[in-house]
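Visitor: here is a sequence with its predicted model. Questions after.
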Amino acid sequence: MMDLAIGNIPMQEYRRLYPMQLALQHGTMFMELEKPWCPCANQKGGDFV
C-alpha cells in the first residue's frame with residue numbers, strides 16, 4: 001500500500017513561558033500558542049470576515 005501523506009509535527013520549544021498561575025488563567029503555558037478570539041467588527045449577515 002502506498003503512503004498518501006507523511007505527518008511532520010515539530011517539537012514545541014520551551015521558551016516564553018507563562019508563570020504557572022497565569023498559565024492556568026490563559027489555558028496554555030506557551031505564550032506563542034495563545035491566540036485570543038476576537039470577533040471582527042465588520043459583520044454582514046452574521047458572517048465573520
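Guide: Received the coordinates, thanks.
Visitor: hang on, M2 in a helix?
Guide: No. Read with DSSP: H, G, I helix; E, B strand; the rest coil, M2 is coil and lies in no helix.
Visitor: how near is it to N8?
Guide: M2 sits 18 Å away from N8, going by Cβ to Cβ, to the nearest Å. Every residue, glycine included, has its C-beta placed from N, CA and C.
Visitor: so what touches the helix or strand hosting Q25?
Guide: Counting by DSSP states H and E, the element that carries Q25 is helix 20-26. Helix 20-26 is contacted from outside by L17, Y18, M29, E34, using Cβ atoms under 8 Å, 6 or more residues apart in numbering.
Visitor: list only those of those residues flagged as buried.
Guide: Taking 16 or more other Cβ atoms under 10 Å as the criterion, what is buried in the contacts of helix 20-26 is Y18, M29.
Visitor: which one is M31 nearest to, not counting chain neighbours?
Guide: Excluding its sequence neighbours, the residue lying closest to M31 (Cβ to Cβ, 6 or more residues apart in numbering) is R16, at 4.2 Å.
Visitor: and if you look at T28?
Guide: Excluding the flanking residues, the one nearest T28 by Cβ to Cβ, 6+ apart is E34, at 5.5 Å.
Visitor: quick one: that neighbour and R16 touch, right?
Guide: No. Counting by Cβ atoms under 8 Å, E34 does not reach R16; the two are 10.0 Å apart.
Visitor: what's near enough to touch R16?
Guide: With contacts taken as Cβ under 8 Å, 6+ apart, R16 has the following neighbours: F30, M31, E32.
Visitor: cutoff 10 Å now
Guide: Going by Cβ atoms under 10 Å, 6 or more residues apart in numbering, R16 touches M29, F30, M31, E32, L33, E34.
Visitor: give the contact list for the third one.
Guide: Contacts for M31 (Cβ under 10 Å, 6+ apart) come out as R15, R16, L17, Y18, L22, A23.
Visitor: before I go, just wanted to say thanks for your time.
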